[in-house]
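Undergrad: Here is my input; please provide its structure:
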Amino acid sequence: MDGTAQYKIALPAEPTASGESHTRGIFGWFAKTLPQSFFESLKKDFELAGNSCIFTLQVTSWLMIVQRLCPEGTLATAVGELLHGNGRELLDPCKRVRDENISAATGAFSQARQRIPAEAARRVTERTFEQLARIRPADTLRDRLFLLDGSSIRLAHAPAVVKEYPPAKNQHGDSHWPVMRVVVMHHVVKGLAMAPYFGPMYGPKAVGEQELAEALIDRLPESSVLIGDRNFGVFSVAWHAHKCGHKVLVRLSEPRAGKLNGGSDPGAGTDRKVTWQPGAGDRRGHQELTGEERVEGRLIAIFSEEAMEILYLFTTLEEETAETVAALYKERWHIETDLRSLKEQVRLHTIPARSPELIACELLMAIACYNLIRALMSEAAQQIGIEPRRLSFSRSREMFRAFSRGVAHVESEKEFERRWNILIRSIGQCRLPKRYRPPAPREVWPIRQNFPSRKVQKP
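TA: Numbers count the residues shown, from 1 in each chain. Model prediction:
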């Protein structure tokens, strides 16, 4: 948001180029977080053409975000939003704009999307996180917590995509859909997402979640606290975070906890100082480890009444009690609901793009869209004095989409102010119900199919 009267989210002040003015309306957030000077620097760094046209880098980025807000999410939807005023203030005054002769065809927008380099899209997403994360920062322990997790995304079956992201294979042959492995990092309180790292899940160039996690750890703000499940409860992740100056809180598997406890099984109630050093398996998977590395921390074993099992935790948090550490680890469940929001509400369950470069751009712009909604939720929650995660992401997204269409042609600042206050108040009313039931067991729920599975006849 631009920090003017009609937009109450106060982004940190930043100098802008001479003569550059921020637009108002729904583009305030976009123009303040990603000003024209930022896109000019991207064009210079990536040697992008600077011809005057409708679908500039700035307009294309905005429409890719808008596209993720719409349930249909087609190219025609995004172009239709532009024709009806959503993004008009970002347009360069080229001849078609001056003559109000913008075509409803989607070809130009499709080509503009394909011209965006993946690294340029990554810088857009990184900047949205950095700028929005600085809104009213706090320095409590919970405000330093970040959640780490991995997932997968199904991709379109296209020759270029299959080559970059090979499908899985087993004794019955190759599967059909290419799959991308992605690792995400989300802020516990605000829910903001860092730009994720990703790679092929199968094939000779397959990457592991721990390898991708190290790239994310390098981008964490100073003195952060990393929370991860058993998949990230390995020495390489703990050592990399420790080396970067961050604290860690990871869950360990029972065998790994036993080795760290000197070969004996740590019983419930254990809370002792340990020194974690890489084992032979750690050094085989990470050639850079010499065996001399060590991480000083605590091994905590505490019985969880909710999970009905013992949690084995390793942490470098020194001053917190075992009960506090266990309560902090419970925050990890938020990343599961965040991934659900990304896949269902921002439509990242599958990416239909047919080139690896465009797939990367679509994923990164979707994260920027997700952060926009999270920023609005944080502002609404602060005004009524509750946690942002007490609000529904899906309902907040619908409120913002209705608002963005309603103010496309509003000219009066007073009317903008009125509608903005309605938006923030309505998002503040999108509270989630308090559920006291125990969590459901982690099982794979079958997805009903409208058609029978395809059967290939063997010759």
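
Undergrad: and residue 268, that one's in a helix?
TA: No: assigned with DSSP: H, G, I helix; E, B strand; the rest coil, residue 268 falls outside any helix and is coil.

Undergrad: Do you have the strands of the stretch 51-200 of the chain handy? List them.
TA: 145-155, 167-170, 173-187, 197-200 (DSSP state E, counting those that start in this stretch).

Undergrad: Please work out the average pLDDT along the longest helix that the chain contains.
TA: Looking across the chain with DSSP state H, the single longest helix is helix 356-384. Confidence for helix 356-384, expressed as mean pLDDT, is 94.

Undergrad: so what's residue 455 scoring on pLDDT?
TA: Looking at residue 455, the pLDDT reads 66.

Undergrad: and the residue positioned nearest the centre of the chain, what is it in contact with?
TA: By CA atoms, centre = their mean, the chain has its centre lying nearest to residue 193, at 3.5 Å. Applying CB atoms under 8 Å, 6 or more residues apart in numbering, one finds that residue 193 lies in contact with 129, 184, 185, 186, 187, 338, 342, 367, 370, 371, 374. In short, each C-beta sits where N, CA and C put it, glycine included.

Undergrad: Am I right that the last one is in contact with residue 190?
TA: Yes: Residue 374 is in contact with residue 190 according to CB atoms under 8 Å; the separation is 6.1 Å.

Undergrad: of those two, who's got more company?
TA: Neighbours per residue, other CB atoms under 10 Å: of residue 374 and residue 190, the larger number sits with residue 374, 26 against 23.

Undergrad: mind listing what the more buried one touches?
TA: 132, 190, 191, 192, 193, 388, 393.

Undergrad: cutoff 7 Å now
TA: By CB atoms under 7 Å, 6 or more residues apart in numbering, residue 374 lies in contact with 190, 191, 192.

Undergrad: neighbours around the second one, how many?
TA: By the other CB under 10 Å criterion, the neighbourhood of residue 191 contains 25 residues.

Undergrad: still on that earlier bit, strand 145-155 and the longest helix of the chain, what's the angle between them?
TA: 140 degrees (axes from the mean of the first three to the mean of the last three CA atoms, to 10 degrees).

Undergrad: how about the next helix-or-strand element following helix 356-384: buried residues?
TA: Where DSSP states H and E defines the elements, the next helix or strand beyond helix 356-384 is helix 393-406. Of all the residues in helix 393-406, those buried under the rule 16 or more other CB atoms under 10 Å are 393, 395, 396, 397, 398, 399, 400, 401, 403, 404.

Undergrad: wouldn't the last one be in contact with residue 86 here?
TA: Yes: when contacts are counted by CB atoms under 7 Å, residue 404 is listed as touching residue 86 (6.0 Å).

Undergrad: For stretch 390-405, report the contacting residues that lie outside it.
TA: 26, 69, 86, 341, 345, 373, 376-377, 380-381, 419, 423, 426-427, 430-432.
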